[in-house]
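>>> Fold the stuff below for me.
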Amino acid sequence: MPTVVCSIETVCGVERAFEETHDYRKRVQWDRFIRRYEVLGEGAIERGTRVWVRAWNGLAMTVEYEAVKEPGVVGLVAMQMVDGPWFLRKFTGSWRFEAAGDGGAEVCRVTFRYGFVARWGWMTWPVGVVLRWEMGRRIEALRRHLDGVGHRSGHVPPGRAGG
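Got it, this is the predicted structure:
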């Protein structure tokens, strides 16, 4: 299955980064990909929870969480598409949160990993290009958001002192 991977580092701690990305009320503050969402069911995001999302481009997808590991040293969330755009046969994703750096300020490495199978083989390349572009936009928006959270907490992002 073709896979697209992208990572960032930020001074926002692992637990806070996890919280900012998996509380959908907070997530819509930074994730410009999402226009509307609905958590299908009640309670917290956990294994088996389904979420419906409408993207900025009008496409919609329902995903089911396959794994949710609250952060200790590592936080991990994995999901799989249940229903989605016509051009995807399969879509999976994971977001991993782990401590990084030399033990100074809290540094969190966030890695997005998306796997997909296009409906037709000839669509694999263009779908991969669009996914890489969109993933880059999303993870950079997340970095800016988490760096802001880190600044408000008194941390200074590595290599981004003063702004």
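>>> can you list the residues that contact the lowest-mean-pLDDT helix or strand in the chain?
In the chain, no helix or strand scores lower on mean pLDDT, DSSP states H and E than helix 24-30, which sits at a mean of 83. Residues outside helix 24-30 that contact it (CB atoms under 8 Å, 6 or more residues apart in numbering): Glu19, Glu20, Thr21, Ile34, Tyr37, Val39, Val51, Ala141, Leu142, Arg144, His145. C-beta coordinates here come from the backbone N, C-alpha and C atoms, glycine included.
>>> at 7 Å instead, please
Glu20, Thr21, Ile34, Tyr37, Val39, Ala141, Leu142, His145 (CB atoms under 7 Å, 6 or more residues apart in numbering).
>>> And for stretch 44-59?
Against stretch 44-59 from outside (CB under 7 Å, 6+ apart): 22, 32-41, 60-68, 82, 85.
>>> Could I have the buried ones of the residues you listed as PyMOL selection syntax?
Selection of the buried residues among the contacts of stretch 44-59 in PyMOL, burial being defined by 16 or more other CB atoms under 10 Å:
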select buried, resi 22+33+34+37+61+63+64+65+68
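>>> Restricted to helices, list the contacts of stretch 44-59.
His22 (DSSP state H).
>>> which helix in the protein runs the most residues?
From DSSP H, the single longest helix across the chain is helix 124-152.
>>> Can you list the buried residues in it?
127-128, 131, 134-135, 138-139, 142-143, 145-147, 149-150.
>>> Quick one: those residues as JSON lines, columns for pLDDT and distance to Leu76 too.
Below are those laid out as JSON lines (pLDDT from 0 to 100; distance: CB to CB, whole Å):
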{"residue": "Val127", "pLDDT": "96", "distance to Leu76": "24"}
{"residue": "Gly128", "pLDDT": "96", "distance to Leu76": "23"}
{"residue": "Leu131", "pLDDT": "94", "distance to Leu76": "20"}
{"residue": "Glu134", "pLDDT": "93", "distance to Leu76": "21"}
{"residue": "Met135", "pLDDT": "93", "distance to Leu76": "17"}
{"residue": "Arg138", "pLDDT": "92", "distance to Leu76": "18"}
{"residue": "Ile139", "pLDDT": "93", "distance to Leu76": "16"}
{"residue": "Leu142", "pLDDT": "93", "distance to Leu76": "16"}
{"residue": "Arg143", "pLDDT": "92", "distance to Leu76": "19"}
{"residue": "His145", "pLDDT": "91", "distance to Leu76": "20"}
{"residue": "Leu146", "pLDDT": "90", "distance to Leu76": "17"}
{"residue": "Asp147", "pLDDT": "88", "distance to Leu76": "22"}
{"residue": "Val149", "pLDDT": "74", "distance to Leu76": "20"}
{"residue": "Gly150", "pLDDT": "59", "distance to Leu76": "21"}
